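A.B. asks: Test case, fold it:
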Amino acid sequence: MNKLIRLLFLIIILLLIAGGVFYWKNQQDVADLNKELPEGMRVKKTLTGDYVVVNKINGYQFKVPEEWEGLSKAIYKDITKAESSIGEALQEKIIFESYLLIEGTRPLDGMELRVLKFADSIDLNTFVEQFKEIYMPSRKTEISEFFPQIEDFIVENLKGLKLSTLLRSKHGSEMVLSDQYYFFKKDLKIYIIMHFDDEFVREFIANGKW
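C.D. replies: Below you'll find the model as predicted:
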């Protein structure tokens, strides 16, 4: 009986060691990503392999799309004290402004996310119009003159949240690739996502915690 107990104890110890080694290897890429992130900003990885970005600094959380096959880069910056980038009138009302860049392990997978918190409520349309004038002014090309357009649509499964989009330019039937910005507002915060696909952004917002 004593031999059986010792054998079972040894098996349990070996299983714990093997589990610890597996967990360490499974979390190594996350540990490397978190070395470059400030306290309160973390990338987590579940035992099933899902990656989750948790930002306690700005108060949001989202799951990384499975098709990205993980993350290869995560860069976070507090740009609250940086030079004005959205106009003096709004800059004075900003409590904080942050920037996040994440990239997947596959080529072209990634996105940028900016969060701005204001002292008072800011009208989303007003903000987007001002953003458009600063970042995407109309410009002439040899083919045509490009006027950035703003489109509104609803993320239905996120309590009717309004999402404004600056669309890409269209020259005839050709789509010219350029930055595409998505804006949504929650309480005193405005979120700006830079991506290129409506459906991805809909799902990303709907599945996040803001």
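A.B. asks: in this protein, which ranges drop under the pLDDT threshold?
C.D. replies: The chain contains residues with pLDDT under 70 at 1-27, 81-90, 135-148, 153-159, 167-179.
A.B. asks: what's the longest strand in the protein?
C.D. replies: Criterion DSSP state E: the longest strand present in the chain is strand 94-104.
A.B. asks: Enumerate the sheet neighbours of that one, specifying parallel or antiparallel for every one.
C.D. replies: strand 71-78 (antiparallel), strand 110-118 (antiparallel) (DSSP bridges).
A.B. asks: Dump those to a markdown table, plus distance to Thr126 and mean neighbour count.
C.D. replies: C-betas here are computed from N, CA, C, even on glycine. A markdown table is the format used below for the strands paired with strand 94-104 (distance: least, C-beta to C-beta, whole Å; neighbours: other C-beta atoms under 10 Å):
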| stretch | distance to Thr126 | mean neighbour count |
| --- | --- | --- |
| strand 71-78 | 25 | 16 |
| strand 110-118 | 11 | 20 |
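A.B. asks: Any chance of CSV for the ones you listed, columns distance to Tyr60?
C.D. replies: Listed next are the strands paired with strand 94-104 as CSV, based on distance: least, C-beta to C-beta, whole Å:
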stretch, distance to Tyr60
strand 71-78, 12
strand 110-118, 7
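A.B. asks: Glu39: which of these is closest?
C.D. replies: Minimum separation from Glu39 across the strands paired with strand 94-104 (C-beta to C-beta) falls at strand 71-78, 10.9 Å.
A.B. asks: Can I get the closest one in CSV, CA atoms only?
C.D. replies: C-alpha atoms of strand 71-78 as CSV (Å, rounded to 0.1, in the frame of the first residue of the first chain):
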residue,chain,number,x,y,z
LEU,A,71,0.0,38.5,-31.5
SER,A,72,3.5,39.4,-32.7
LYS,A,73,3.5,43.0,-31.5
ALA,A,74,1.7,45.1,-28.9
ILE,A,75,2.7,48.8,-28.5
TYR,A,76,0.9,51.1,-26.1
LYS,A,77,1.5,54.9,-25.6
ASP,A,78,0.1,57.5,-23.4
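A.B. asks: which residues touch that strand?
C.D. replies: Strand 71-78 is contacted from outside by 29, 33-34, 36-38, 41, 43, 51, 53, 55, 57, 64, 96-105, 110, using C-beta atoms under 8 Å, 6 or more residues apart in numbering.
A.B. asks: so how far is Leu71 from His195?
C.D. replies: Look at His195 and Leu71: by C-beta to C-beta, to the nearest Å, they are 15 Å apart.
A.B. asks: residue ranges for the helices of the chain, please.
C.D. replies: 2-34, 88-91, 124-135, 198-207 (DSSP state H).
A.B. asks: And the longest strand of the chain, what's buried?
C.D. replies: Of the residues in strand 94-104, Ile94, Glu97, Ser98, Leu100, Ile102, Glu103, Gly104 count as buried by neighbour count, 16 or more other C-beta atoms under 10 Å.
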